[in-house]
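> heads up, no residue letters with this:
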Ligand SMILES: Cc1cc2nc3c(=O)[nH]c(=O)nc-3n(C[C@H](O)[C@H](O)[C@H](O)COP(=O)(O)OP(=O)(O)OC[C@H]3O[C@@H](n4cnc5c(N)ncnc54)[C@H](O)[C@@H]3O)c2cc1C
């Protein structure tokens, strides 16, 4: 593994640091998150911050300059993430759009689609959601049933999607539909870019365990989507979807920053919470110290796994199964941190931000590929074990 910051990346660090000092006003600091309310002041502020980032060329630095990026290399991207994280700067309002959907539009989109969608996505003027999962198609995404039938120059879409993050805010959706029922499961799927304002689109919010609305169900009843909104060739939607997901996995490189900051917060919590016996603090307890050390080590392991993935990218190795290791270590560490925080706080863990974190962290077992599916990938592709029957 080779992990050094070239001079170009360090000079970019100085540039972005100076820019953040001037532009990151305190009013922008609250992170938008997916549970932001439509028409709220928080959304307006997040949009203003997003405009600032995009107008300065920092909306998506890895993109080509013609779409508002700067063709940034891997180490510049790492530096950008580190600097944004250092000052707790909110990220884009459109994380799914930028990291998952834009790469597919760049690779498969027509020039008209690229011109129409990429700049507006970069500025946050369009917010995107991903319409992949269905009530009976999650891990086994290829069994999706939402259908589209061609009627002249229009697709007629019918069906239901679920777990759509940002669905309540989005005005566009990257939608996977079945267009050939007779083809094999992974064939006969098409990717459509769907205007959420079309007649027949209904968004129904789903409340999470933390009482937030970031998920939604989306229903499609005879929705007429113009054929020029097909992304990639008809019946090749699986290939388009896999491009999207490959880019999603590429984001693992930055996971360790947030997790290690949480470990530091946990250690501070243990150092400032009075001990159960009324003597000293929770961090003095020998069993608690073992738990804290375990979380610290897991955070450092995640850093090494992330850096290995970055190093692989620098040396032109395709993003492989290490994405699954990082996802697994990240989700389990995040959950361990919140469990140990509950042990530190005792009954006080039932309310407040740590309580919310503990409930929210359960979703990490599922989001972005479930723990069981990632274990399958690690078993088969890294350990060379036989396929599960
Ligand atoms: C925070 C979050 C955000 C999300 N955002 C979106 C979004 O924006 N758009 C979208 O389309 N979807 C989204 N999803 C949905 C997500 O992609 C699915 O939940 C995920 O693919 C799992 O599908 P499922 O819920 O249908 O579970 P299932 O696939 O039904 O799995 C149920 C259980 O069975 C296990 N299992 C399934 N298959 C296997 C197997 N072959 N071997 C071993 N175990 C197996 C799973 O690990 C799991 O424990 C999101 C989910 C979360 C939690």
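Received it, and whenever you're ready, just let me know what you need. On a predicted model such as this, the values are computed, not experimentally measured, just so you know.

> can you pull the contacts of whichever residue of the chain sits closest to the ligand?
Residue nearest to the ligand within the chain: residue 138 (1.8 Å; CB to the nearest ligand atom). Just so you know, the C-beta spots here come from the backbone N, C-alpha and C atoms, and that holds for glycine as well. Shown in contact with residue 138 (CB atoms under 8 Å, 6 or more residues apart in numbering): 163, 370.

> neighbours around the nearest residue to residue 262 once chain neighbours are set aside, how many?
In this structure, residue 262 finds its nearest non-sequential neighbour in residue 337, 5.2 Å apart by CB to CB, 6 or more residues apart in numbering. Neighbour count of residue 337, defined by other CB atoms under 10 Å: 26.

> Could you pull up the residues touching residue 337?
259, 262-263, 266, 295, 357, 361.

> mind redoing it with 6 Å?
Residue 337 sits next to 262, 266, 295 when contact means CB atoms under 6 Å, 6 or more residues apart in numbering.

> Where does the first one fall, secondary structure wise?
In the assignment (DSSP states H and E), residue 262 maps to helix 255-272.

> Could you do the last one as well?
Taking DSSP H and E as the criterion, residue 295 maps to helix 286-314.

> Name the residues of that helix that are buried.
If you call a residue buried by 16 or more other CB atoms under 10 Å, then helix 286-314 has these buried ones: 288, 291-292, 295-296, 298-299, 302-303, 305-314.

> before we move on, what about stretch 207-214?
208, 212-214.

> Would you tell me whether it gets close to the ligand?
No: shown here: stretch 207-214 not in contact with the ligand (CB under 6 Å from any ligand atom), separated by at least 7.6 Å.

> Could you list the residues in contact with that stretch?
34-35, 165, 205, 356, 359-360.

> Show the average pLDDT along that stretch.
Averaged across stretch 207-214, the pLDDT comes to 88.

> what helices or strands is the helix holding residue 262 leaning on?
Helices and strands touching helix 255-272, by 3 or more CB pairs under 6 Å, 6 or more residues apart in numbering; DSSP states H and E, are helix 286-314, helix 322-345.

> continuing past the last one, what's the next helix or strand?
Tracing the chain C-terminally past helix 322-345 and defining elements by DSSP H and E, one meets helix 353-361 next.

> average pLDDT for that following helix?
95.

> quick revisit: would you reformat the helices and strands packed on helix 255-272 as TSV and include mean pLDDT and distance to residue 20?
As requested, the helices and strands packed on helix 255-272 are arranged in TSV below (pLDDT from 0 to 100; distance: least, CB to CB, whole Å):
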stretch	mean pLDDT	distance to residue 20
helix 286-314	92	22
helix 322-345	94	25
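
> Which neighbours in the sheet does the strand ranked longest in the chain have, and how are they oriented?
For the chain, the strand with the greatest residue count under DSSP state E is strand 213-226. When sheet partners are counted by DSSP bridges, strand 213-226 sits next to strand 154-161 (antiparallel), strand 201-207 (antiparallel).

> For the shortest one, buried residues please.
Right, the one you point to is strand 201-207. Going by neighbour count (16+ other CB under 10 Å), the buried part of strand 201-207 is 201, 203.
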